[in-house]
Structure formats: structure tokens, C-alpha cells
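Asker: Mind folding the following:
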Amino acid sequence: MTSTFPPQAPYKQLRRPTTDRMLAGVASGLGRYFDVDPTLVRVVFAVSALLTGGFAALAYPIMWFLMPEEPAGAPAWPHPTDTAPRPTPPAPPAG
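Answerer: Residues are numbered from 1 along each chain as shown. The predicted structure follows:
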């Protein structure tokens, strides 16, 4: 029996994507991992760099170095877990 689903890792992986990136993909990878918008992660990076006098900006190149790049052809995370339509609740009785 063959499966029609693409192969996927059994757990979340913190990786730098190759498709959705502005500089190195760190913010996009964090956004995918924590299921938030990458723009929000970028804003948090910028605000924290301003509030700490640039000290927090050191985290970006460190994470760039430590986070592995997503392999070519790897499915983007998060994987769709349920593609079946959800049933709608019954309508209340009229009247």
C-alpha cells in the first residue's frame, strides 16, 4: 500500500526555509516553528535590538549560524494534519 502524503518528520524542526526569507530565514523559521507571522518575529527582533542598545541584535547572526537550512524539496512546516471538512453543527429549531 502506498501513501499519497509527502514524507514528513515526526516532530517540528527549527530550520531556515529557502523560500520565505528576507535576509537569512531566521525570522521565517522561528515564525513557522512557533506558528506566528514572521513579520511579528522581525518586529520583535527590531524592538528588542533597540531596547537593549543593539545587544539583542547579536542573537540573529548566532541563530543564522546555528539553525540548519531547510533541505531542498522538504515540505514546509506546519504540515496539514486534517484535510477533511469539519461537520457543521445543526441549526437551532425555529420558533
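
Asker: Please count neighbours and contacts with C-alpha atoms only from this point.
Answerer: OK.

Asker: all helices of this structure, in order?
Answerer: 26-34, 38-51, 59-66 (DSSP state H).

Asker: Reformat these as JSON lines; add distance to Gln13, mean pLDDT and mean neighbour count.
Answerer: Formatted as JSON lines, these follow (distance: least, CA to CA, whole Å; pLDDT from 0 to 100; neighbours: other CA atoms under 10 Å):
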{"stretch": "helix 26-34", "distance to Gln13": "7", "mean pLDDT": "87", "mean neighbour count": "22"}
{"stretch": "helix 38-51", "distance to Gln13": "16", "mean pLDDT": "92", "mean neighbour count": "15"}
{"stretch": "helix 59-66", "distance to Gln13": "13", "mean pLDDT": "88", "mean neighbour count": "13"}
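
Asker: Columns distance to Arg16 on top of the ones you listed, output as a markdown table?
Answerer: As requested, the helices of the chain are exported to a markdown table (distance: least, CA to CA, whole Å):
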| stretch | distance to Arg16 |
| --- | --- |
| helix 26-34 | 5 |
| helix 38-51 | 12 |
| helix 59-66 | 8 |
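
Asker: how about those helices, which one is nearest Leu14?
Answerer: Closest approach to Leu14 among the helices of the chain is made by helix 26-34 (5.9 Å; CA to CA).

Asker: elements contacting that closest one?
Answerer: For helix 26-34, the elements it packs on are helix 38-51, helix 59-66, judged by 3 or more CA pairs under 8 Å, 6 or more residues apart in numbering; DSSP states H and E.

Asker: what's the neighbour count on Gly25?
Answerer: For Gly25, the neighbour count with other CA atoms under 10 Å is 22.

Asker: so it makes contact with Leu14?
Answerer: No - under the criterion of CA atoms under 8 Å, Gly25 makes no contact with Leu14, lying 10.9 Å away.

Asker: tell me, what's touching these two both at once?
Answerer: Counting by CA atoms under 8 Å, 6 or more residues apart in numbering, Gly25 and Leu14 have no contacts in common.

Asker: follow-up on the earlier one: columns distance to Thr18 on top of the helices and strands packed on helix 26-34, output as a markdown table?
Answerer: Formatted as a markdown table, the helices and strands packed on helix 26-34 follow (distance: least, CA to CA, whole Å):
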| stretch | distance to Thr18 |
| --- | --- |
| helix 38-51 | 14 |
| helix 59-66 | 13 |
